[in-house]
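K.L.:
Quick one, what's the 3D model for this:
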Amino acid sequence: MGWFRKKREPCSEYEHALDAEISSLQDEIKRLSAALEKPQPLSPAAAGSLPSTGPDTRVGPPGKPEPVFEPVDRARLEAEPKEGARDQLNDVGLRKLDLPSLWDRFIRLFRPPPAANPKLVQYLAAGSIQGLRPLRYEKRVARNRLIITVVFFLLVLWGVLYAIKWRH
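P.N.:
Residues are numbered from 1 along each chain as shown. Coordinates of the predicted model:
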């Protein structure tokens, strides 16, 4: 009847399937990287078309192509800044003190960073995943634990101060 059987977690089968898929992808990555590392032999026609001007004069390790640089719009780089941008700079060229943006940066220091996966955070907060407690419950437990700890230490401090007072 299944009384002494351990209940399977709902996510365990999915976890095993993902682990198998990850291992197969890692094997494929190893196979492809090994294929890239093998030197490709040149066909005789391609080898004959290469110029042979003596020693290799290329800079860098052999077998690696030279870097390709993208064209840059020099006019945008050398253009003068807009009038609004000049108002934000002092006579030395540094940004002026901007109190509202300074306050915003200060407040952002105390805010948590935005979630990388907001849908997962929403599931965790609502308790929609089987086997996990809702986040609001976990916060309440942590808050109650903190309150009890603070009250305990205040009582200990009060007891120590009371004992010192009666000593004198």
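
K.L.:
Every contact and neighbour count from this point should use C-alpha atoms.
P.N.:
OK.

K.L.:
tell me which residues of the biggest helix by length in the chain are tucked away?
P.N.:
Ranked by residue count under DSSP state H, the longest helix found in the chain is helix 135-167. Within helix 135-167, the residues that qualify as buried are Leu135, counting by 16 or more other Cα atoms under 10 Å.

K.L.:
Can you get me the centre-to-centre distance for that helix and its chain?
P.N.:
36 Å (Cα atoms, centre = their mean, to the nearest Å).

K.L.:
Mean confidence (pLDDT) on that helix, please.
P.N.:
Averaging pLDDT along helix 135-167 gives 92.

K.L.:
For Gly131, give its distance to Val121.
P.N.:
Distance, Gly131 to Val121, using Cα to Cα, to the nearest Å: 16 Å.

K.L.:
Compare those two and say which is more crowded by neighbours.
P.N.:
Val121 (13 against 10; other Cα atoms under 10 Å).

K.L.:
by contact count, what packs against the longest helix of the chain?
P.N.:
helix 118-126 (3 or more Cα pairs under 8 Å, 6 or more residues apart in numbering; DSSP states H and E).

K.L.:
Next, the angle helix 135-167 makes with the helix it packs on.
P.N.:
Calculated by axes from the mean of the first three to the mean of the last three Cα atoms, to 10 degrees, helix 118-126 forms an angle of 60 degrees with helix 135-167.

K.L.:
Show me what helix 118-126 is packed up against.
P.N.:
Applying 3+ Cα pairs under 8 Å, 6+ apart, one finds that helix 118-126 contacts helix 135-167.

K.L.:
where does this protein have low pLDDT?
P.N.:
1-4, 6-8, 10, 39-62, 81-87, 127-129, 132, 168 (pLDDT under 70).

K.L.:
if you set the cut-off to 80 instead, what comes out?
P.N.:
For the chain, applying pLDDT under 80 flags the ranges 1-12, 38-65, 76-98, 121-135, 167-168.

K.L.:
Just give me the residue right at the centre of it.
P.N.:
Ala116 (7.9 Å; Cα atoms, centre = their mean).

K.L.:
For Pro112, what are phi and psi?
P.N.:
Backbone dihedrals for Pro112, given as degrees, to the nearest 10, come out at phi -70, psi 150.

K.L.:
okay, now it: neighbour count?
P.N.:
By the criterion of other Cα under 10 Å, Pro112 has 7 neighbours.

K.L.:
what's it in contact with, if anything?
P.N.:
For Pro112, the contact set (Cα atoms under 8 Å, 6 or more residues apart in numbering) is empty.
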